[in-house]
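# Take a look and give me a structure for this.
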Amino acid sequence: MHPSRTAKEGDAVYKTIVIGLDGSDDAKAAIPAAVELARLSEGKIVIAHVVERIAGKGDVAAVHADEDQIKEGVAAEAERISAEGVEASVELATVVLGGPARSIEEIAENAGADLIVVGAKGRSALGGLLLGSVPDRLMHIAKRPVLVVPAA
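Residues are numbered from 1 along each chain as shown. Take a look at the predicted model:
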């Protein structure tokens, strides 16, 4: 589909697109593709951010020490996308073990998403060791198409 036209009958239409963001530059590489697809379909974006926690003795701490800054960055991305004319919101989830893929799929299910867009790599080192990468896991469990965008 040419970028200067909108979706027509027979074209793939993605009214609700979920983007999985973890604060990494590789994950952010997925944003332009998702925004363009939403713009062409006159759709909206839901940014899914999953806070990974690890259980320790007497505490359940975030895997990433800079989690507050990551959440602020995700919120800023939603504001920036909305300012570009595409409706965008943020959905947060928390997972203790198990990796973020299932939580991203649950957010997509609850949002009635037509598509999930993720970067090819991200920050989920712990989940990647145990379960495989988030994109790989999503492609096995998602009930909708998954678009994996390589880093720039």
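
# which non-adjacent residue is nearest Val148?
Using CB to CB, 6 or more residues apart in numbering and skipping residues adjacent in sequence, the residue nearest Val148 is Pro135, 4.5 Å away. Where C-beta positions appear, they are placed from N, C-alpha and C, glycine not excepted.

# which residues does that neighbour contact?
Counting by CB atoms under 8 Å, 6 or more residues apart in numbering, Pro135 makes contact with 118-120, 146, 148.

# separation between it and Asp66?
23 Å (CB to CB, to the nearest Å).

# residues in contact with the strand or helix carrying Ile70?
If you go by DSSP states H and E, Ile70 is part of helix 67-83. With CB under 8 Å, 6+ apart as the test, helix 67-83 has contacts from 21-23, 28, 31, 35, 45, 47, 49, 51, 64, 88-90, 92.

# Let's see that with 10 Å instead.
Here helix 67-83 makes contact (CB atoms under 10 Å, 6 or more residues apart in numbering) with 19, 21-24, 27-28, 31, 34-35, 38-39, 44-49, 51-53, 61-62, 64, 66, 86-92, 123.

# what element comes up after that helix heading to the C-terminus?
strand 88-96.

# Give the buried residues for that following strand.
Applying a neighbour-count criterion of 16 or more other CB atoms under 10 Å, one finds 88, 90-91, 93, 95 buried in strand 88-96.

# Tell me which strands that strand pairs with, and in which orientation.
Paired neighbours of strand 88-96 in the sheet (DSSP bridges): strand 44-56 (parallel).

# following the lowest-mean-pLDDT helix or strand in the chain, which helix or strand comes up?
Ranked by mean pLDDT, DSSP states H and E, the weakest helix or strand in the chain is helix 125-131, scoring a mean of 44. As assigned by DSSP H and E, the chain's next helix or strand after helix 125-131 is helix 134-141.

# In PDB, list the C-alpha atoms belonging to that next one.
Extracted C-alpha coordinates of helix 134-141, given in PDB (Å, rounded to 0.1, in the frame of the first residue of the first chain):
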ATOM      1  CA  VAL A 134       9.700 -12.100  23.200                       C
ATOM      2  CA  PRO A 135       9.100 -12.000  19.400                       C
ATOM      3  CA  ASP A 136       9.700 -15.800  19.100                       C
ATOM      4  CA  ARG A 137       7.300 -16.500  22.000                       C
ATOM      5  CA  LEU A 138       4.700 -14.100  20.700                       C
ATOM      6  CA  MET A 139       4.700 -15.900  17.300                       C
ATOM      7  CA  HIS A 140       3.900 -19.100  19.100                       C
ATOM      8  CA  ILE A 141       1.100 -17.900  21.500                       C
END
